[in-house]
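Peer 1: this is the structure alone, sequence omitted:
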Ligand SMILES: [Zn+2]
């Protein structure tokens, strides 16, 4: 099955092309004049690479991946799923969003995560020796990156030496490290250890300038999951958590030139404070990122070309000859009107919406 989309502007990761024709089977053809089985007139709409949500959880199974796909999210970076047989099964699903996974995250024994129903004991890490053993198990599991939950200090979370050991061991194995941090204290622990990507944004205060400058210096990337911070702040307002702290931190990241990626924390996990919908929530996240100071074009890059670069997802986040045809067709102009007017979604060239 081959498809031609005519009269379509193509987003190349930083700008839209003039209206043209795009032809694809399982991957995008070099010859855009090729004859196709199906022809779609885009009427001047925009073709985006399938979106990438840089923070999801796969809990319900294939239904989560179907919801992602329906909303044009063709790749999800899972930030904690188990057991391994389930993760491997989800990685092999066809015709839906594809996932990569951290498998089991590392958490301190005193924190909230260690008490979430069904959290596996092998994710609890208390000292540098256990940290190295934990990373060894993730490597054996085929984890695509290592996820750490940082807290300000024990007894809630792991101490600095343990977090440092996790990062060092993961880097020795060539794995990227992402750190969950929802308070300024947890951010400082993550930054001190040299993690590659911070997940979430602080809800207790705007992150201080020195920590932001350090992040810039070491090339840290942020996935602020503003959708999750908004939902969580509303639930825990009595504890002094405020969404504005997370939003203003993102504005400061943007001003400092720190790369920001779109991620939602979409989940349906028992014990999670808030559960963004799979797929739909990424469009909300893009709106929140724009409200925090990203341009619409920067927001589109934060869900396409940028996560592909950071996470080394070769062949994703772009539309070019030979790349897998994971595509999202949007009516109108997403650079002004956003991405919700979905006119079609293709996964490896098969139309799923
Ligand atoms: Zn999460």
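Peer 2: That came in fine, so what should we check first? Fair warning: this is a prediction, and the values are worked out from it, not measured in the lab.
Peer 1: from here on, contacts and neighbour counts on C-alpha atoms
Peer 2: Fine.
Peer 1: which helix or strand contains residue 9?
Peer 2: strand 3-10 (DSSP states H and E).
Peer 1: so which elements touch that strand?
Peer 2: Applying 3 or more Cα pairs under 8 Å, 6 or more residues apart in numbering; DSSP states H and E, we find strand 3-10 packed against strand 20-24, strand 38-41, strand 46-49.
Peer 1: okay, those, which one's buried deepest?
Peer 2: Greatest average neighbour count among the helices and strands packed on strand 3-10 goes to strand 46-49 (a mean of 28), per mean count of other Cα atoms under 10 Å.
Peer 1: just the helices in the protein please.
Peer 2: Secondary structure of the chain (DSSP state H): helices at 62-70, 84-91, 128-141, 160-172, 184-193, 209-218, 226-235, 243-256, 280-291, 296-302, 305-310, 334-337.
Peer 1: closest to residue 30 out of those helices?
Peer 2: Nearest of these to residue 30, taken as Cα to Cα: helix 305-310 at 19.7 Å.
Peer 1: so what touches that closest one?
Peer 2: 13, 52, 54, 261, 313, 314, 316, 317, 318 (Cα atoms under 8 Å, 6 or more residues apart in numbering).
Peer 1: I'd like the helices and strands packed on strand 3-10 laid out as JSON lines, including mean pLDDT and distance to residue 233.
Peer 2: Below are the helices and strands packed on strand 3-10 laid out as JSON lines (pLDDT from 0 to 100; distance: least, Cα to Cα, whole Å):
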{"stretch": "strand 20-24", "mean pLDDT": "98", "distance to residue 233": "43"}
{"stretch": "strand 38-41", "mean pLDDT": "98", "distance to residue 233": "43"}
{"stretch": "strand 46-49", "mean pLDDT": "98", "distance to residue 233": "32"}
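Peer 1: just so I know, which of those lies nearest residue 322?
Peer 2: strand 20-24 (9.1 Å).
Peer 1: pLDDT score assigned to the nearest residue to residue 40 once chain neighbours are set aside?
Peer 2: Counting by Cα to Cα, 6 or more residues apart in numbering, residue 40 lies nearest to residue 5, which is 4.7 Å off, once chain neighbours are set aside. Confidence at residue 5, expressed as pLDDT, is 98.
Peer 1: just residue 337 next, same as before
Peer 2: On the pLDDT scale, residue 337 gets 86.
Peer 1: next, count neighbours for it.
Peer 2: By other Cα atoms under 10 Å, the residues close to residue 337 number 13.
Peer 1: against residue 45, how distant is it?
Peer 2: Note on residue 337: its distance to residue 45, by Cα to Cα, to the nearest Å, is 11 Å.
Peer 1: roughly how far does the closest residue to residue 188 other than its chain neighbours sit from residue 23?
Peer 2: Spatial nearest neighbour of residue 188, chain neighbours left out: residue 211 (6.6 Å); criterion: Cα to Cα, 6+ apart. Using Cα to Cα, we find residue 211 at a distance of 47 Å from residue 23.
Peer 1: for residue 85, same thing?
Peer 2: Distance, residue 85 to residue 23, by Cα to Cα: 37 Å.
Peer 1: what of residue 151?
Peer 2: Residue 151 is 49 Å from residue 23, where distance means Cα to Cα.
Peer 1: same check on residue 51?
Peer 2: 19 Å.
Peer 1: about what we covered before: how about the helices of the chain in TSV, adding distance to residue 9?
Peer 2: TSV is the format used below for these (distance: least, Cα to Cα, whole Å):
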stretch	distance to residue 9
helix 62-70	21
helix 84-91	31
helix 128-141	41
helix 160-172	40
helix 184-193	40
helix 209-218	34
helix 226-235	29
helix 243-256	27
helix 280-291	20
helix 296-302	14
helix 305-310	17
helix 334-337	11
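Peer 1: so which of those is nearest residue 114?
Peer 2: Between residue 114 and the helices of the chain, the tightest spacing by Cα to Cα is seen for helix 128-141, at 14.8 Å.
Peer 1: in that closest one, what counts as buried?
Peer 2: 128, 130, 131, 132, 134, 135, 138, 139, 141 (16 or more other Cα atoms under 10 Å).
Peer 1: again with stretch 144-161
Peer 2: Using 16+ other Cα under 10 Å as the test for burial, stretch 144-161 gives 144-153, 156-160.
Peer 1: mind giving me the packing neighbours of the lowest-mean-pLDDT helix or strand in the chain?
Peer 2: When each helix and strand of the chain is scored by mean pLDDT, DSSP states H and E, helix 334-337 comes last, with a mean of 90. Helices and strands touching helix 334-337, by 3+ Cα pairs under 8 Å, 6+ apart, are helix 296-302.
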